[in-house]
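J.: fold the following, please.
(2 chains)
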Amino acid sequence: MSDRKINETDKHWSEVHEKGTSLGLNFLLYTYKYLGRPVFTLVVSFIIGYFYLFARTQRQAAKDFQQQAAHLRRKRGMAEWKPRPFRQFLNFGLSALDKVSAWTGDIREKDIDFANFEVMKRAVNSGKGGVILISHHGNMEICRAIGKEIPNLRINAVVHTRNAAKFNHLMQKVAPDSGLNLFEVTSFGPDTAIRMMDKIQQGEFIVIVADRTSVQHRERSVDIEFMERVAWLPEGPFVLASILRCPVHFMSCVRRGKRFAADFTPYREPLILDRKNRQQAIRTAAQDYASWLETQALHQPDQWFNFFDFWKKPEHDQENAGKK
Amino acid sequence: MSNLDLQIKQLIIDSLNLEDITPDEIDSDAPLFGDGLGLDSIDALELGVAIKKTFNIALTDNSEENREHFASVNALVALVEARAA
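T.: Numbers count the residues shown, from 1 in each chain, chains lettered A, B, ... in the order given. The predicted model follows:
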């Protein structure tokens, strides 16, 4: 590493510490449990306010995102959007509460306006299983509430081990009976692929986050257009979805006032990446997802929970640069 | 050409959809990746899954190790012979 001080804005998302995630989660849980939502909201506002003031990189990223969203909404004749970077921060903090409420069962199926509920129900009950691509827009965990309405739904969320341990610990605490399975992936090869295939064969779903480039393999990213600027998505989720030879769906869930709005969009069954033209095929799939995500994000720009420069090209860090 | 050799070549063709290649066009000694057949890392994964399923052999995610097993058709034949149940 050279002695040049690395500018915070140059960092890959994985190097930007998510200050809100690990901070006193227990403290927040207890606040909610014993003092209720209004007090919780107040406490979160203070904490988030603190970060908003001091997390310069994240604040800049949120401002940039808000301005681009406002610009595009104007251009596309949507209702005027006033850039709200602070609101984007605050919503991130409040989404932690919604997560807890969803785990503990305080948010019910009736609180969600589900656009394609019947479509999802059919997909689940078909027994074909599938891959569901999600993002850091909105709060997917709310969809746990629909689990009771679709008893056959079995979800395997693909996660990195490091975070899984933390999450499992928390889940044990707040919702010991939750049926959610965390699928830990540290390396990816034939063994992991087959483990996933087994799940799908049993009609289960593999949920993969598709909007952040890989930590270890930054070169495995594909350029697409997002909100009329070039951005990069990881190749992995699309390659994986294709190897599993199963139905592929996009899904999201956002808060709308006091209620939630979920969407489930079937994409391909299966996703085939033509091997003669593979790179282009991956790009096409990634672009399709990016366009879908863009529509979602433009409707609710203040629930964009990527607090880094989303349009920055992922570069290899020093360590991996030579190993490609 | 041994039976297993042919079977593996056919598996490569089927699992990767190499319609325009026949088993006898694949050299058992030639590298599968890069110069030889020109397969890439995604092919390797697909092939790994196919081999694992067809022959029911243990195959880890270790890419260094797999690279050796997948070096050529001959290497795959050796792998299957050594590990087949």
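J.: and chain B, which residues reach chain A?
T.: On the criterion CB under 8 Å from any CB of the partner chain, chain A has as its neighbours in chain B the residues B:16-17, B:40, B:42-43, B:45-46, B:48-49, B:51-53, B:59-63, B:66. C-betas here are computed from N, CA, C, even on glycine.
J.: buried subset of these?
T.: Members of the residues of chain B next to chain A that pass the buried threshold by neighbour count (16 or more other CB atoms under 10 Å in any protein chain shown) are listed as B:16, B:42-43, B:45-46, B:48-49, B:51-52, B:59, B:61, B:63, B:66.
J.: which among those residues gets closest to A:Gly130?
T.: Nearest to A:Gly130 among those: B:Val49, at 17.4 Å, using CB to CB.
J.: report the contact partners of the closest one.
T.: B:Val49 sits next to A:Pro190, A:Ala193, A:Ile194, A:Met197, A:Ile243, B:Ser15 when contact means CB atoms under 8 Å, 6 or more residues apart in numbering or on different chains.
J.: residues near the fourth one, how many?
T.: If I follow you right, that is A:Met197. For A:Met197, the number of neighbouring residues by other CB atoms under 10 Å in any protein chain shown comes to 19.
J.: what of the third one?
T.: Using other CB under 10 Å, the number of residues around A:Ile194 comes to 16.
J.: so what pLDDT did it get?
T.: Looking at A:Ile194, its pLDDT stands at 91.
J.: now swap in the fourth one and tell me
T.: pLDDT, A:Met197: 94.
J.: where does the prediction get shaky in the stretch 151-300 of chain A?
T.: Judged against pLDDT under 70, the low-scoring parts of the stretch 151-300 of chain A cover residues A:161-179.
J.: for chain B, what are the nearby residues on it?
T.: Where the stretch 151-300 of chain A comes near chain B, counting by CB under 8 Å from any CB, the residues are A:187-194, A:197, A:239, A:243, A:273, A:275, A:278.
J.: PyMOL command for the buried members of these?
T.: Buried residues among these (16+ other CB under 10 Å), as a PyMOL selection:
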select buried, chain A and resi 188+189+190+191+192+193+194+197+239+243+273+278
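J.: which of the residues of the stretch 151-300 of chain A next to chain B fall in helices?
T.: With helices taken from DSSP state H, the overlap with these comprises A:Pro190, A:Asp191, A:Thr192, A:Ala193, A:Ile194, A:Met197, A:Val239, A:Ile243, A:Arg278.
J.: and the residue of the stretch 1-150 of chain A closest to chain B?
T.: Of the stretch 1-150 of chain A, the residue with the smallest distance to chain B, taken as CB to the nearest CB, is A:Val131 at 15.1 Å.
J.: please verify my assumption that A:Thr140 contacts A:Phe250.
T.: Careful, residue A:140 is Met; it's not Thr. No - with contact defined as CB atoms under 8 Å, A:Met140 does not reach A:Phe250; the gap is 11.3 Å.
J.: between these two, what contacts are shared?
T.: If you check A:Met140 and A:Phe250 against CB under 8 Å, 6+ apart, the residues they both contact are A:Ile134.
J.: for the lowest-mean-pLDDT helix or strand in chain B, which helices and strands make contact with it?
T.: Counting by mean pLDDT, DSSP states H and E, the weakest-scoring helix or strand in chain B turns out to be helix B:63-69, with a mean of 81. Judged by 3 or more CB pairs under 8 Å, 6 or more residues apart in numbering or on different chains; DSSP states H and E, the packing partners of helix B:63-69 are helix B:73-83.
J.: adjacent strands (with direction) for the strand or helix carrying A:Ile132?
T.: Using DSSP states H and E, A:Ile132 maps to strand A:130-134. Using DSSP bridges, strand A:130-134 pairs in its sheet with strand A:205-209 (parallel), strand A:248-256 (parallel).
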